[in-house]
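*Asks:* starting from these lines, generate the structure:
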Amino acid sequence: MSDVNELNKLKCPFDPSDYPNGSPKMGNFVWALTTLLKYNPSYRPTLRRTTWPADTYIQLTGYGPNAAINHFGAFGMPSVWNAEAEDFTACNWVNTASSYKNEELVPSTLVCPYDPNLYTGNQGDIAPVGSAPWALMQVFLGKGARLKTWDEGEYIVVPDRLSAVDTQSVIKKFNSSGKFTEWSDIDDLLLCNWELYSPNLSFNLTSGHSRYHDLHNLNENDLMYDWGYLSYLGAATVNKNSCGSLDIIEDNISSFAPLVSMFYFESADNTETSLSTDGIVSFSIRVFPAYMQEAVALLKKNFYVSVDGVRYDLGVATPIEGDPFYPEATVNYSGGDAQKLSAILKKQTGIPKTYWLNWI
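*Replies:* Residues are numbered from 1 along each chain as shown. As a prediction, this is how the structure comes out:
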């Protein structure tokens, strides 16, 4: 949306005019938080989840820098809201203010469907850029968000949004130790200095499995095995069989717009249940010849892959350049966390996963 509505303040101005018309589907937390922030002396929204006791709710109290989200329990006594991570991704929120009518049915499920139509209105995004509702919309749509005051590399995301079917996904925060922890900091919800966190490259990958004969040794028992994604063209260049599928989510790699041709693990061990010790993680991108050196310069950096709430440090490798007929740059990793990453590619074939790639 236009940056005319962008906020870059540590405290949101709780003015209804700051939140454009149009709203997400009633019941999800983006809607609940946007409703909560539309505070003025004559309208004090009170929000609760349908699974909470009937006499409990949350409400914005105070104003400006003294504002806080408080929880009201029995007898109307306020206390600091100890939010749980599930509260931020639940879809059973209702507005209990007597002056408000819930005109739409609240979704029966507690798990939010990650549907772009739920978080956009007639005028685009339903909250100003920089606000917490805006940040949560980005997270629910598969992106990352962070406060500008956080340390470099810290951000929030829903890492299992594609594969969590029977359980409720929660928002998690990537911290400086390289691990995800559940995020439910209500103080962050009142800040307006949120920004997008963008990896160099992110994609949804459904891992496949294939095998091939090592051309240097054609004995029947000398098979090699691949897990991950190999495009038809990429597989042909290395005399392998294609497998898996890959769909780009976000591409922030400079100006050369690469095509990911391969991201897979290769090993002579076909055991899917054990951690490999001798395999190689291979990543290849196809670029126009004029951009090959720019691609090589990027791939020379330290390579990090994040998936399922864990960041894997694959280290540094020397890119291999293809010939002019196959303008492709490839990096192979056997050290670092390459063998650990192989467990994701090997054990969960057929299951879509979101991968975040960064070169630092």
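
*Asks:* the stretch 101-250 of the chain: helices as residue ranges?
*Replies:* All helices of the stretch 101-250 of the chain, identified by DSSP state H, counting those that start in this stretch, fall at 132-140, 232-237.

*Asks:* could you list the domains of the protein?
*Replies:* Per the record, the chain has its domains at 3-197, 201-359, by automatic domain parsing.

*Asks:* quick one: the strands in the stretch 101-250 of the chain?
*Replies:* In the stretch 101-250 of the chain, the strands defined using DSSP state E, counting those that start in this stretch lie at 120-121, 124-125, 144-147, 155-157, 172-174, 180-182, 194-197, 201-206, 208-213, 223-230, 245-251.

*Asks:* and the ones you listed, which is most packed in?
*Replies:* Among these, the stretch with the highest mean neighbour count (mean count of other C-beta atoms under 10 Å) is strand 155-157, at a mean of 26. No exception for glycine: its C-beta is placed from N, CA and C like everyone else's.

*Asks:* if we can go back for a sec, output the strands of the stretch 101-250 of the chain in JSON lines; the columns should cover mean pLDDT and distance to Leu60.
*Replies:* Rendered in JSON lines, the data for the strands of the stretch 101-250 of the chain read as follows (pLDDT from 0 to 100; distance: least, C-beta to C-beta, whole Å):
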{"stretch": "strand 120-121", "mean pLDDT": "58", "distance to Leu60": "21"}
{"stretch": "strand 124-125", "mean pLDDT": "53", "distance to Leu60": "21"}
{"stretch": "strand 144-147", "mean pLDDT": "90", "distance to Leu60": "19"}
{"stretch": "strand 155-157", "mean pLDDT": "88", "distance to Leu60": "21"}
{"stretch": "strand 172-174", "mean pLDDT": "86", "distance to Leu60": "23"}
{"stretch": "strand 180-182", "mean pLDDT": "83", "distance to Leu60": "23"}
{"stretch": "strand 194-197", "mean pLDDT": "87", "distance to Leu60": "18"}
{"stretch": "strand 201-206", "mean pLDDT": "90", "distance to Leu60": "34"}
{"stretch": "strand 208-213", "mean pLDDT": "84", "distance to Leu60": "49"}
{"stretch": "strand 223-230", "mean pLDDT": "90", "distance to Leu60": "46"}
{"stretch": "strand 245-251", "mean pLDDT": "87", "distance to Leu60": "33"}
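
*Asks:* which one, of those strands, ends up nearest to Lys347?
*Replies:* Each of the strands of the stretch 101-250 of the chain was checked against Lys347 via C-beta to C-beta, and the shortest separation belongs to strand 223-230, namely 8.8 Å.

*Asks:* now for that closest one, which elements pack on it?
*Replies:* Counting contacts by 3 or more C-beta pairs under 8 Å, 6 or more residues apart in numbering; DSSP states H and E, strand 223-230 packs against strand 201-206, strand 208-213, strand 259-267, helix 338-347.

*Asks:* would you mind measuring from Asn175 to Asn70?
*Replies:* In this view, Asn175 and Asn70 are 27 Å apart by C-beta to C-beta, to the nearest Å.

*Asks:* ugh, wrong one, Leu33
*Replies:* For Leu33, the distance to Asn70 - C-beta to C-beta - is 14 Å.

*Asks:* so what's Lys340 closest to, chain neighbours aside?
*Replies:* Leaving aside its chain neighbours, Lys340 sits nearest to Tyr312 (6.0 Å; criterion: C-beta to C-beta, 6 or more residues apart in numbering).
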